[in-house]
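A.B. asks: Okay, here's the prediction I keep looking at, along with the sequence it came from:
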Amino acid sequence: MATPFAAEHGHDQLIHGESESASAESPFANPARLRQLFVAGLDTMLARHPALGVYILVLANAAQDPALWLPLRDKLLLRQREHAAAIKQVLRLGGKLDAPPDDLLVFLKLLALDLTPEEFELLQVSPPRQLGRWEVQFNPLRGLRPARMSEARVSGISQPFDAAGFHFNKPFLTKEVLWQGELTGLTARLLYNKFPFAPWHGLLVPEPEQQRPQLLTPEMHGWAWQVAQDASAAMPGFGLAYNSYGAYASVNHLHFQTFVRDRPLPLQSLEPNHYPLALQRFTDARDAWCHIDALHAAGTPYNLVYDRNGLHVVARARQGETALHAWSPGFAWSEVAGVFSVSSREEYEGLTEAAIDQALTELRV
């Protein structure tokens with residue numbers, strides 16, 4: 001019988017065929033539709049898949065929103081006890097733990113916290129704290145995540161797709177698919193983010209079987225523009241974000257990040273000439289592409305946020321070119337857009353607007 005922490009990383013064949021999450025209706029048809037998918041998917045995953053990685057994903061997503069936390073809390077506590085008991089039994093017998101090292105490390109850190117059932121609530125993400133123009137949230141689980149490609153220093157604006165590396169067609173990710181089907185004329189797959197940092201945070205992969213690297217093309221830009229227009233018309237506060245290669249894209253497989261917010265990002269509401277970074281706004285998709293294409297030609301990394309008003313483009317210094325501040329895990333689209341997740345309560349309470357201004361200014365190109 002498989003242990004609750006059985007390995008998830010099977011062979012490297014691609015995901016194929018239709019999953020239970022396949023649907024003709026867009027996941028962004030309305031807020032109720034997306035919420036229903038999120039809640040049902042997390043509950044089903046936790047019930048059907050005993051692997052450590054699933055537990056961590058469900059826990060991190062539930063911690064983002066009280067509406068998810070309440071129905072899943074007790075199930076998560078029970079599953080944590082099962083994992084802890086299974087690991088203890090294997091180690092006492094001198095056995096080998098059959099689980100991905102990253103998942104084991106995250107779970108052992110959770111155990112080291114030694115939280116009582118009453119203290120389990122401390123894993124929830126805090127309400128955002130306003131620091132002048134910026135938002136800061138305390139997200140303890142984000143601090144447990146392993147470093148990925150986003151921590152590496154890279155060169156250039158793209159790299160070829162690596163079928164042997166991590167990508168969104170890996171079979172062990174099938175259970176993490178929130179939805180798949182046709183979206184704005186293309187097949188697409190929406191996955192949960194294992195360590196989310198935004199409300200209703202998903203990973204949207206257009207035509208995953210094409211195995212495109214994380215390099216935007218005119219066609220994919222036009223598709224993302226239309227997806228954002230359609231979804232934001234049905235769901236106020238919807239946005240589609242993109243990290244270019246060199247701008248903290250953690251996976252070299254073409255993808256966008258979805259989110260839904262109750263209020264605009266600082267990037268969406270502040271005037272470009274008052275922003276510490278080179279912020280450009282476009283209401284015409286062709287004009288926006290001309291600007292992105294020029295960034296490609298110059299080898300300049302960038303972050304994007306698509307919404308109902310068009311596109312926000314921020315050209316920025318390449319990851320690794322500026323020193324990270326102690327409170328910062330790096331600057332991807334959310335940080336560049338003015339929303340910061342910190343994993344230390346001391347940093348959450350002590351961070352200042354001036355410190356954020358300085359860190360953003362250092363990214364300016």
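C.D. replies: Received the coordinates, thanks.
A.B. asks: From the rest of the structure, what touches stretch 225-235?
C.D. replies: Here stretch 225-235 makes contact (C-beta atoms under 8 Å, 6 or more residues apart in numbering) with 26, 28-31, 34, 183-184, 204, 238-240, 256, 258, 260, 285, 288, 306-308, 310-311. All C-beta spots, glycine's among them, are computed from the backbone N, C-alpha and C.
A.B. asks: Make a PyMOL selection of the buried ones in the residues you listed.
C.D. replies: The command below creates a PyMOL selection of those among those that count as buried (16 or more other C-beta atoms under 10 Å):
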select buried, resi 26+28+34+183+184+204+238+239+240+256+258+260+285+288+306+307+308+310+311
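A.B. asks: Okay, now stretch 262-280: how far is its last residue from its first?
C.D. replies: By C-alpha to C-alpha, to the nearest Å, the extent of stretch 262-280 from end to end equals 23 Å.
A.B. asks: Give me the buried stretch members for it, please.
C.D. replies: By neighbour count with 16+ other C-beta under 10 Å, stretch 262-280 contains the buried residues 265-268, 270, 275-277, 279-280.
A.B. asks: closest to T217 among those residues?
C.D. replies: Closest approach between the buried residues of stretch 262-280 and T217, by C-beta to C-beta: Q280, at 19.2 Å.
A.B. asks: show me the contacts for the residue nearest to F197 when sequence neighbours are not counted.
C.D. replies: Leaving aside its chain neighbours, F197 sits nearest to S341 (4.5 Å; criterion: C-beta to C-beta, 6 or more residues apart in numbering). Contacts for S341 (C-beta under 8 Å, 6+ apart) come out as 125, 136-139, 142, 197, 329, 334.
A.B. asks: confidence score at S341?
C.D. replies: In this model, S341 is scored at 93, pLDDT.
A.B. asks: what are the bridge partners for it, then?
C.D. replies: Per DSSP bridges, the residues bridged to S341 are Q137.
A.B. asks: Surely V39 is in a helix?
C.D. replies: Yes. Looking at V39 with DSSP: H, G, I helix; E, B strand; the rest coil, it is inside a helix.
A.B. asks: got the contact list for it?
C.D. replies: So V39 contacts 67-68, 71 (C-beta under 8 Å, 6+ apart).
A.B. asks: what do you get for G132?
C.D. replies: Contacts of G132 (C-beta under 8 Å, 6+ apart): E353.
A.B. asks: Could you check how far it is from L270?
C.D. replies: In this view, G132 and L270 are 11 Å apart by C-beta to C-beta, to the nearest Å.
A.B. asks: Same question for L279.
C.D. replies: Distance from L279 to L270, by C-beta to C-beta: 8 Å.
A.B. asks: do F107 as well
C.D. replies: 40 Å.
A.B. asks: Next: D284.
C.D. replies: Look at D284 and L270: by C-beta to C-beta, they are 21 Å apart.
A.B. asks: likewise Q137?
C.D. replies: Q137 sits at a distance of 19 Å from L270 (criterion: C-beta to C-beta).
A.B. asks: and if you look at W289?
C.D. replies: 24 Å.
A.B. asks: L144 too?
C.D. replies: Note on L144: its distance to L270, by C-beta to C-beta, is 32 Å.
A.B. asks: Same question for D287.
C.D. replies: Distance from D287 to L270, by C-beta to C-beta: 21 Å.
A.B. asks: Strands of the protein, start to end?
C.D. replies: With DSSP state E as the criterion, the chain has strands at 129-131, 134-138, 177-183, 186-192, 202-206, 238-243, 256-260, 278-282, 302-307, 310-315, 339-342.
A.B. asks: Nearest to A323, out of the ones you listed?
C.D. replies: A323 sits nearest to strand 339-342 of all the strands of the chain, at 16.8 Å, using C-beta to C-beta.
A.B. asks: Using PDB, write out every CA atom in the closest one.
C.D. replies: Presented in PDB, the C-alpha positions along strand 339-342 are these (Å, rounded to 0.1, in the frame of the first residue of the first chain):
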ATOM      1  CA  VAL A 339       2.200  44.100  -3.700                       C
ATOM      2  CA  PHE A 340       4.800  42.300  -1.500                       C
ATOM      3  CA  SER A 341       4.600  39.000   0.300                       C
ATOM      4  CA  VAL A 342       7.000  38.500   3.200                       C
END
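A.B. asks: so how far is that strand off the chain centroid?
C.D. replies: With C-alpha atoms, centre = their mean, to the nearest Å as the basis, strand 339-342 stands 13 Å off its chain's centre.
A.B. asks: Endpoints of stretch 297-317, how far apart?
C.D. replies: End-to-end distance for stretch 297-317: 15 Å, by C-alpha to C-alpha.
A.B. asks: which parts of that stretch are buried?
C.D. replies: Applying a neighbour-count criterion of 16+ other C-beta under 10 Å, one finds 300-308, 310-317 buried in stretch 297-317.
A.B. asks: Let me know the pLDDT of the residue nearest to P146 when sequence neighbours are not counted.
C.D. replies: The spatially closest residue to P146, leaving aside those adjacent along the chain, is D102, at 4.2 Å (C-beta to C-beta, 6+ apart). Per-residue pLDDT puts D102 at 91.
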